[in-house]
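Peer 1: just the structure for this:
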Amino acid sequence: QDTKERCNQILRNMEASLTARDRVGIQDFVLLDAYTSESAFLDNLRKRFHENLIYTYIGTLLVSVNPYKELDIYSKKQMDTYMGVNFFELPPHIYALADNVFRTMLTEFNNHFILISGESGAGKTEASKKILQFYAVSCPSTKLLNNVRDRLLLSNPVLEAFGNAKTLKNDNSSRFGKYMDIQFDHQGGAVGGHILSYLLEKSRVVHQNHGERNFHIFYQLVEGGEDELLRWLGLQRNCQLYSYLVQGDCAKVSSVNDKSDWRTVQKALSVVDFSENDIEHLFGIIASVLHLGNVKFGADPRGYAILNNNPEMHWLSKVRHRKYKLRSALESDLFTPFTVDHAVYARDALAKAIYGRTFNWLVNKINESLANKDSSRKTVIGLLDIYGFEVFHVNSFEQFCINYCNEKLQQLFIQLTLKSEQEEYEMEGIEWEPVPYFNNKIICDLVEEKHRGIISVLDEECLRPGEATDLTFLEKMEEKMGGHPHFVTHKLADQKTRKTLERGDFRLLHYAGEVTYCVVGFLDKNNDLLYRNVKEVMRQSKNSIIKHCFPSTEPDSKKRPETVVTQFKSSLVGLTEILMSKEPWYVRCIKPNEGKQPGRFDDVLVRHQVKYLGLMEHLRVRRAGFAYRRRYEIFLQRYKPLCPDTWPNWKGTAAEGVQRLIKHLGYKPNEYKMGRTKIFIRHPRTLFATEDAFEVCKHELATRIQAKYKGYRVKGEFLKQREAATKIETCWRGLMARKERERRAWAVKVIKKFIKGFMTRNQPACVDNSEYLAFVRQNYLSRLKDNLPKTLLDKNNWLTPPPIMQEKSKLIYLYNLQLKLLTSSMFKGKKENYPFSVCRPFLDTRISEDDINVKVLQMIQHERIKYSVPVVKYDRNGFRPRLRQLIFTQAAAYLVEEAKIKQRIDYSSLKGVSVSNLSDNFLILHVTCDDIKQKGDLVLQCDYLFEALTKLSLVTSKQSCIKVVQGSVRFDIQPGREGFVDFKSGQESMVYRAKNGHLMVVSMEFKKYVHFSWQFQ
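Peer 2: Alright, predicted model coming up:
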């Protein structure tokens, strides 16, 4: 997905740059050099199609090629990109057209319409949906406006279900014409709408060609309807059981999900404000049409039609028709019994009438829900989604009406195009060069001319008494139109053409090409008659929709109603008047191939569509004068970097700025014209040269802008930092000044107290001298710490204490004396190096608490530390030396490695301590070891051996547990395993593992130790 998105982004970037035009084509056909060449036109269209660029402009006309696959170009992000952007600033898109129409409507406060045309399967309905979705997102949003927006959007699936069907060319073909007005308030909010429908193909209800389907709603009801609903309607979940659904032998379509569409239609009906009663009656009508199609007739002995015990009549009465009156109406007219063929005709006519009138009721009901209640003036955007030119293997009355409609719209298109172009040139003061074009008025007159046109002849045959048939209609046309260059029949054709025509055919040469029509059914479809007694039965129906569709006020057959084609002609006149009152915009949809295959571009098919859509003519009209035109402000804003006089800001009027710019660019007089508000450029190459120069200039501008911006950013950052530094300096100076003031105030107080304390130092302790005396004590102790006597017993070597410390000095001396006496009792005469420890004073500890890891202190904080000393611990296995800390607390001894307590020895589990009688400094702590998981005895080496053991004996009160031994000491590694430490004298001190596995400790001989010790001291 990420790769696909990156590819699409790259393509969009290429599209935005004219430097990529050789690969992706030109995004506006007006800029095509060979604009008169149909091949060049197709080549450009093909390039863009193969790059998934399905939209191309011809000026403001949008050409859309159906890709037959999903493209990631319709997201909310894309909508936001095209909102409020100049029409030609971004690559062509239907959102750009929709946004430009919307903004023009708001700016000029006038009405517009978008004509979406193309043949069946070209994507007209999808284009209409995309425009509606864009307006739904881009318009202002309130609760009321959102309600209107939802109804506008969801009217589409309802109309598609009842008015669309699968044909040979399109799986979702609109079988009616639709014009929708969207009403906007002055702020651009959608406040209402109105829909006009044209010529629903009612004959599809009773007949479908092979490979085609009936209207979607029938299949959606059968496939997706709830079981309870189907039981109530008497339907079964099998389309093959219904005659009106199987004639095309195509009930299932892979691209259509009837169940999902059914759920969408149900939701849409509720949002569009259909009541539950309306929905119930509506689906009852759809079911009644299906049951009606299954009604079968037999013949009595006289050949008249009769209805036997047909179960379908039971269900028709269930869905609120009167059973027996309907039976009678289908079997005979008021006075004449029907033949079987007449009965079938009456049945089908009733089915078509019910469905056609129900469709009209549905459109009116939607219009009621979309009606704008505010009477203030509103601007309108109309969407005309009309059927395109249709050419089938067999073309009948419906295709004749559809193609006549396209002729009228083509005529209107050319008139509006020429008119708007000429008006623009006149308004801007530019001379207009007329362009020759094919005027299809001759074809429109052939169809609609009074008394002589095809419509007049058809109506005459339908209304005249006597035996009028389709063939007599054909003969009348041959009489009145023989020799017309755009009309031919089998009788009128030459020998070669006659081979391509049947005797019941006539051929019209439309602006889009030749179409052959079969006259069979023309009269019946044009009359669209319904027997009076059948209408009377319908008026008595209990179904409220049927009663509304067959009102009692409807005139009876005393006055013949207008024929279908006359009604259609009148509706086209009304549509033309509506369109002529609005500003036109065009979307021309093109089908790239007949097989609905993505990536396949059929040149012959596309060429035919380009021709009959009038795209080449439109292009010639746009190019006849000038290929490119822009308002002065927009042109100057884009290209002003190309001229030093206009960059970066032009002070004069926009027209003067453009004049200065094009003079600098070297435009020749015949290459451009200056209008009142716009510049007109004649040749695309002039624009390309300007655009290429702008591409080069953009890089230079980008570099300069980047440099300026970086300088601006750096300068801004510097100013911020300087301001911050100034503030910090100010705050810091203030803080330091306050601290200095506080320090000086504190110093004054201290000096005052010191002087007062000194003056009262010999008096008893009081408030005035307490701090001074504390200072004296602390000062003495600090000096004593640095000047301890070398010989503890030499009292004269102690620092002279101040008077206040005389008593405490004696206590310190006596405490050290007591410790030395305790050491003497344990080691005097027993250990060789004891005499040399007597003169060394004992300290409270050899490791301050600051040098003990915080985590260790936290773990033993509940026990008071009595003494700490660094030691070397020898492993029990291998005797590898390890630096450790030995800490004595009130409860236990701890062996510590940095932040870890390696071993804890409760004093209660301490069995004894062994030292040798030699001059080494080893000690072995023997501990109780009952569990194999417990650690065994400790072998340690301590430089302050006598001091540590004396402190240990005081803390544990176990003086007798310290043993002085000779030779070797046994110790427990773990229960059941033991080790040995052997002691001996030697030339020098060393510790190593002997061959017998014992730890060998060699100490210097006594005489050498004495000599060494004296030298050390």
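
Peer 1: pLDDT below threshold where in the stretch 101-250 of the chain?
Peer 2: Counting by pLDDT under 70, the stretch 101-250 of the chain contains low-confidence residues at 142-145.

Peer 1: run through the helices of it in chain order.
Peer 2: Using DSSP state H, counting those that start in this stretch, the helices of the stretch 101-250 of the chain run over 124-138, 143-163, 216-224, 227-233.

Peer 1: how close does Leu233 get to Ala165?
Peer 2: 21 Å (C-beta to C-beta, to the nearest Å). C-betas here are computed from N, CA, C, even on glycine.

Peer 1: quick one on the thing from earlier: right, and the helices of the stretch 101-250 of the chain - which one's nearest Lys715?
Peer 2: helix 124-138 (40.1 Å; C-beta to C-beta).

Peer 1: and that closest one, what does it pack against?
Peer 2: helix 76-82, helix 94-108, strand 112-117, helix 143-163, strand 177-184, strand 379-385, strand 583-590 (3 or more C-beta pairs under 8 Å, 6 or more residues apart in numbering; DSSP states H and E).

Peer 1: distance to Val927 and mean neighbour count added to those, as a markdown table?
Peer 2: Converted to a markdown table, the helices and strands packed on helix 124-138 look like this (distance: least, C-beta to C-beta, whole Å; neighbours: other C-beta atoms under 10 Å):
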| stretch | distance to Val927 | mean neighbour count |
| --- | --- | --- |
| helix 76-82 | 76 | 15 |
| helix 94-108 | 87 | 20 |
| strand 112-117 | 98 | 22 |
| helix 143-163 | 84 | 19 |
| strand 177-184 | 95 | 23 |
| strand 379-385 | 97 | 23 |
| strand 583-590 | 97 | 23 |
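
Peer 1: picking that back up, same drill for Leu233 and Ala165, tell me which one is more crowded.
Peer 2: Higher neighbour count among Leu233 and Ala165: Ala165, with 25 against 22, using other C-beta atoms under 10 Å.

Peer 1: now Tyr517. Its backbone dihedrals?
Peer 2: phi -110, psi 140 (degrees, to the nearest 10).

Peer 1: ditto for Met674
Peer 2: According to degrees, to the nearest 10, Met674 has phi -100, psi 110.

Peer 1: tally of neighbours for the residue nearest to Thr500 when sequence neighbours are not counted?
Peer 2: Leaving aside its sequence neighbours, Thr500 sits nearest to Thr516 (C-beta to C-beta, 6 or more residues apart in numbering; 7.6 Å). Look at Thr516: counted by other C-beta under 10 Å, it has 19 neighbours.

Peer 1: for the lengthiest helix in the chain, packing partners?
Peer 2: The residue-count maximum for a helix in the chain (DSSP state H) belongs to helix 684-759. Other helices and strands packing on helix 684-759, by 3+ C-beta pairs under 8 Å, 6+ apart, are helix 632-639, helix 770-786.

Peer 1: go through those and pick out the most buried.
Peer 2: helix 632-639 (a mean of 19; mean count of other C-beta atoms under 10 Å).

Peer 1: what comes into contact with it?
Peer 2: 86, 646, 650, 653-655, 657-658, 661, 665, 677-679, 690, 694 (C-beta atoms under 8 Å, 6 or more residues apart in numbering).

Peer 1: which elements pack onto the helix or strand that it is followed by?
Peer 2: Tracing the chain past helix 632-639, the next element assigned as helix or strand by DSSP states H and E is helix 654-665. Counting contacts by 3+ C-beta pairs under 8 Å, 6+ apart, helix 654-665 is packed against helix 632-639, strand 672-674.

Peer 1: picking up where we left off before, distance to Gln987 added to the helices and strands packed on helix 124-138, as TSV?
Peer 2: TSV is the format used below for these (distance: least, C-beta to C-beta, whole Å):
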stretch	distance to Gln987
helix 76-82	91
helix 94-108	101
strand 112-117	114
helix 143-163	104
strand 177-184	113
strand 379-385	114
strand 583-590	111
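
Peer 1: closest to Leu843 out of these?
Peer 2: Within the helices and strands packed on helix 124-138, the stretch nearest Leu843 is helix 76-82; the backing value is 77.8 Å (C-beta to C-beta).

Peer 1: so which other helices or strands are in contact with the closest one?
Peer 2: Helix 76-82 packs on helix 94-108, helix 124-138, going by 3+ C-beta pairs under 8 Å, 6+ apart.

Peer 1: re earlier: what's the closest of the helices of the stretch 101-250 of the chain to Asp850?
Peer 2: helix 124-138 (69.8 Å).

Peer 1: how is this structure divided into domains?
Peer 2: Structural domains annotated on the chain: 633-730, 815-1004, as defined by the TED database.

Peer 1: out of these, which one sits most buried?
Peer 2: domain 815-1004 (a mean of 16).

Peer 1: returning to what we had before: of the contacts of helix 632-639, closest to Val964?
Peer 2: Phe694 (102.9 Å).

Peer 1: mind listing what the closest one touches?
Peer 2: Arg638, Tyr639, Pro641, Leu642.

Peer 1: flag the least confident of those.
Peer 2: In terms of pLDDT, the lowest of the contacts of Phe694 is Arg638, showing 77.

Peer 1: how far away is that one from Gly936?
Peer 2: Distance from Arg638 to Gly936, by C-beta to C-beta: 91 Å.

Peer 1: same check on Val158?
Peer 2: With C-beta to C-beta as the criterion, Val158 and Gly936 are 92 Å apart.

Peer 1: would you map the helices across the stretch 501-650 of the chain?
Peer 2: Under DSSP H, counting those that start in this stretch, the stretch 501-650 of the chain gives helices at 522-527, 532-539, 544-549, 564-580, 603-612, 615-625, 632-639.

Peer 1: elements contacting the second one?
Peer 2: Translated: helix 532-539. helix 323-331, helix 340-370, helix 544-549.

Peer 1: determine which of these approaches Met1000 most closely.
Peer 2: Closest to Met1000 of the helices and strands packed on helix 532-539 is helix 340-370 (C-beta to C-beta; 107.7 Å).
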